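Asks: Please work out how this folds:
(one chain, ligands or ions: 1)
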Amino acid sequence: MAVEGLTAGAVARRLGVAVTTLRTWHQRYGLGPSEHVPGHHRRYTEQDLDRLQVMQRLTAQGVAPAEAAAWVRRVDDLDLSAFTGTTTRRDGGGQAIALGAASPAARGLARAAMRLDAPAMRDIFQSAVSESGVIEAWNHVAMPVLIGIGERYEATQRFVEVEHLISRTVTEVLAAVSRPAPGDVPRVLLAAADEEQHTLPLEALAAALAEGGVPCRLLGARVPPEALSDAIARTGPAVVVLWSQTPATGDPAQLLQVLNAPHPPLLTAAAGPGWPDRLPSGVAQLTDLAEAAQAVAAAARP
Ligand code: B12
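Replies: Numbers count the residues shown, from 1 in each chain. Below is the predicted model:
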């Protein structure tokens, strides 16, 4: 949503508050318009509107305006410069990495994540999935924010709560993508490597496959080798994709075990940045969601 350059009247209408209330918030609490258009009154930017939405929600819940404004400023302090294309020194000495061309929806998601606004996060990501499909929404909305949050965590050792809430929200939206009819037997098995807790990319793959009418079984996080073997023996998949996010979980012995199963799948694929560069021969390496969805769908065709 491009809302750059809104007048006070337009903002008041969007928020359902009086223009005089906006003036009070501006004069008393400094929550005014920040965009300067030469020869005009200042205009409200998308970020100003975000702040005022928080202010409006809190005051509607009975929080005193001064306290609500203090909260809005605290959220501002956490400011996601990582998503706005600027490079700033943050507390903890961390250097935020510019993401430059992040989409407006990604910036909106990042801001909603920073203020722990789960309904807004869900709304933004859900709209992106409905409008552009899982692959676009993952690549251009969820992924830049997740990578940015990872960088902020690394630089500051903070924002674990943001990481958890956004993970939860992304999971919920991806899980809500409608699945193929229950009669279709899944020929695809997706699993995270042993001790691997990162599962969102596999959840995105499962949702992207579902959009294309391909059912799958998603075992989820931390799948021990014996459990993986048992699942393969019991379901005879045509495709197995194993996700490793970090080198700590990327032991290629897990891939060899799949290749050496009594009835190995047609396609054994390693996905994620945790695997070593050299993989056992016979293992395909998947590097992005679109490629993965295409390769898996092709191999799963009966
Ligand atoms: C969300 C998250 C979590 C959540 C996961 C929730 C869930 N259900 O998945 C939780 C809180 C559980 C978590 C835990 C931990 N995390 Co974490 N986490 C993340 C975060 C923010 C996003 C993870 C993710 O989904 N990545 C996927 C996409 C968004 O990122 P990417 O892998 O870089 O994408 C590239 C490729 O993978 C590819 N790609 C993207 N999507 C897809 C999809 C498919 C199908 C394919 C084939 C390819 C593909 O394209 C990208 C460009 O090349 C990352 C940051 C990051 N950069 O990934 C940290 C990150 C991965 N975590 C990290 C760490 C350190 C941890 C913990 C050890 C923290 C701790 N101290 O406990 C634990 C790990 C525990 C374990 N054993 O697994 C580090 C890893 C550093 C490293 N290289 O070793 C990261 C990089 C954060 C950081 N910068 O420090 N984490």
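
Asks: Leaving out the residues flanking it, which one is nearest to the residue in the stretch 51-200 of the chain positioned nearest to the ligand?
Replies: When distances are taken as C-beta to the nearest ligand atom, the stretch 51-200 of the chain reaches nearest to the ligand at Gly150, 2.4 Å away. Just so you know, the C-beta spots here come from the backbone N, C-alpha and C atoms, and that holds for glycine as well. Nearest residue to Gly150 in three dimensions, chain neighbours excluded: Glu163, at 7.6 Å (C-beta to C-beta, 6 or more residues apart in numbering).

Asks: which SSE is the residue of the stretch 51-200 of the chain closest to the ligand in?
Replies: Assigned by DSSP states H and E, Gly150 falls within helix 143-156.

Asks: Please pull up the helix or strand immediately following that helix.
Replies: Downstream of helix 143-156, the next assigned helix or strand under DSSP H and E is helix 160-175.

Asks: what residues does that following helix touch?
Replies: Helix 160-175 is contacted by residues 109, 113-114, 116, 118, 121-122, 125-126, 129, 134, 142, 145-146, 149-150, 153, 199-200, 203-204, 206-207 when judged by C-beta atoms under 8 Å, 6 or more residues apart in numbering.

Asks: mind running it again at 6 Å?
Replies: With contact meaning C-beta atoms under 6 Å, 6 or more residues apart in numbering, helix 160-175 is reached by 113, 116, 118, 121-122, 125-126, 129, 142, 149, 200, 203-204, 207.

Asks: Weed out the non-buried ones from these.
Replies: The neighbour-count criterion (16 or more other C-beta atoms under 10 Å) marks 113, 121-122, 125-126, 129, 142, 149, 200, 203-204, 207 among the contacts of helix 160-175 as buried.

Asks: In the strand or helix carrying Arg13, which residues are buried?
Replies: Using DSSP H and E, Arg13 sits in helix 8-15. By neighbour count with 16+ other C-beta under 10 Å, helix 8-15 contains the buried residues 8, 11-12, 15.

Asks: which bits of the protein sit near the ligand?
Replies: 143, 146-147, 149-151, 153-154, 163-164, 167, 195-201, 204-205, 245-246, 249, 271-273, 286-289, 292 (C-beta under 6 Å from any ligand atom).

Asks: could you pull out the helices for the stretch 201-302 of the chain?
Replies: Remark: helices assigned in the stretch 201-302 of the chain by DSSP state H, counting those that start in this stretch are 225-235, 253-259, 289-300.

Asks: tell me what the second one is packed against?
Replies: Going back to what we said before, that points to helix 253-259. Here helix 253-259 touches strand 267-271, going by 3 or more C-beta pairs under 6 Å, 6 or more residues apart in numbering; DSSP states H and E.

Asks: got the angle for the strand it packs on vs helix 225-235?
Replies: When axes from the mean of the first three to the mean of the last three C-alpha atoms, to 10 degrees is applied, the directions of strand 267-271 and helix 225-235 differ by 140 degrees.

Asks: could you give the mean pLDDT of strand 267-271?
Replies: For strand 267-271, mean pLDDT rounds to 98.

Asks: One more: stretch 130-149?
Replies: Averaged across stretch 130-149, pLDDT comes to 95.

Asks: Could you point out the helix or strand that follows the helix or strand of the chain with the lowest mean pLDDT?
Replies: Across the helices and strands of the chain, mean pLDDT, DSSP states H and E gives its lowest value to helix 65-77, namely a mean of 76. Using DSSP H and E, the helix or strand that follows helix 65-77 towards the C-terminus is helix 104-114.

Asks: re the thing from before, buried residues of the helix holding Gly150, list them for me.
Replies: For helix 143-156, the neighbour count (16+ other C-beta under 10 Å) marks 143-146, 148-149, 151-152, 155 as buried.

Asks: Same check on stretch 233-250?
Replies: For stretch 233-250, the buried set under the neighbour-count rule, 16+ other C-beta under 10 Å, comprises 237-245, 249-250.

Asks: what residues are up against Gly32?
Replies: His26.

Asks: Wasn't it part of a helix?
Replies: No: counting by DSSP: H, G, I helix; E, B strand; the rest coil, Gly32 is located in no helix; its state is coil.

Asks: And it, how far from Val11?
Replies: Distance of Gly32 to Val11, computed by C-beta to C-beta, to the nearest Å: 10 Å.

Asks: repeat for Glu196
Replies: To Val11, Glu196 is 45 Å away according to C-beta to C-beta.
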